[in-house]
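> model this:
(one chain, ligands or ions: 2)
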Amino acid sequence: MALQFHSVPVTPFQQNCTLLWCDDSKRAAVVDPGGDIDRILKAVEERGLKLEKILLTHGHLDHVGGTAPLSRQLNLPVEGPHEADQFWIEKIVVQAQMYGFPPVETFTPDRWLKDGDTVTVGDEVLEVVHCPGHTPGHVIFFHRASNLALVGDVLFAGSIGRTDFPMSNHQDLIDSITKKLWPLGDAVKFIPGHGPMSTFGQERQTNPFVADKRFG
Ligand SMILES: [Zn+2]
Ligand SMILES: [Zn+2]
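Numbers count the residues shown, from 1 in each chain. Ligands and ions are numbered 1, 2, ... in the order given. This next block holds a predicted model:
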């Protein structure tokens, strides 16, 4: 398998910051560097990887808080999320104070993503799917060749993303999951923003919020 991954839980929210890398080239992306940059860089170094970019699923502090310093330190371009999350990225400074995080800096991504875009990690290609609901600009990354999705805070093992934030929308979230994620296939393994991995098939069976029987 040419795409490899390793998750490093970061921040007090134990957010699954994930390294993705191309086995052939060892070139890597860091997805959602919410903080604890030293731990992320240690994981990069231990695996002999060469970081080439930062990918972001959505604009929440625990997913993007480490982006500005990491991007500056290693001169990494930032791709994602969708532009509709710009207001969240602008708010992270205030959010950090509110949640008692260390001070953070805001930033502007080099590339906003939209539905149907692709992003590369080394020689590997991932598809971008816009999945609004938890935040309006949330995107997920899907590697079709290995049936792996990084879904941020859209879907968790046994749960779904919160929708009690400004500009959240519960029905949009349900539609994102059932109309955009499920068609990718039951066999898809996913890394959520928090907690353990699961598969779409497993969640369609057992997730109390989005199991098929809820809508049958
Ligand atoms: Zn979130
Ligand atoms: Zn989160």
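> Flag the shaky bits of the protein, pLDDT-wise.
Where the chain drops to pLDDT under 70, the residues are 1, 216.
> what do you get if the cut-off is 90, keeping everything else the same?
The model of the chain has pLDDT under 90 over residues 1, 214-216.
> what does it put close to ligand 2?
Contact residues, the chain versus ligand 2 (Cβ under 5 Å from the ion): D62, D153, G193. In short, each C-beta sits where N, CA and C put it, glycine included.
> Need the residues you listed in TSV (columns: neighbour count).
Output for those, formatted as TSV (neighbours: other Cβ atoms under 10 Å):
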residue	neighbour count
D62	24
D153	26
G193	28
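> Against ligand 1, which of those residues make the cut? List them.
Among those, ligand 1 is touched by D153 when using Cβ under 5 Å from the ion.
> what would the residues of the chain next to ligand 2 look like in TSV with secondary structure?
Below are the residues of the chain next to ligand 2 laid out as TSV (DSSP: H, G, I helix; E, B strand; the rest coil):
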residue	secondary structure
D62	helix
D153	coil
G193	coil
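> ranges for the strands of the chain?
Under the criterion DSSP state E, strands of the chain are mapped to 3-10, 15-22, 27-31, 50-55, 78-79, 118-121, 124-130, 139-143, 148-152, 155-156, 159-160, 189-192, 198-199.
> is it true that D32 touches V151?
No. Assessed by Cβ atoms under 8 Å, D32 is found out of contact with V151, at 10.9 Å.
> who's in contact with stretch 112-126?
Outside stretch 112-126, the residues within contact range by Cβ atoms under 8 Å, 6 or more residues apart in numbering are 2-3, 20-22, 24-29, 52-53, 55, 79-83, 127-130, 139, 141-143, 145.
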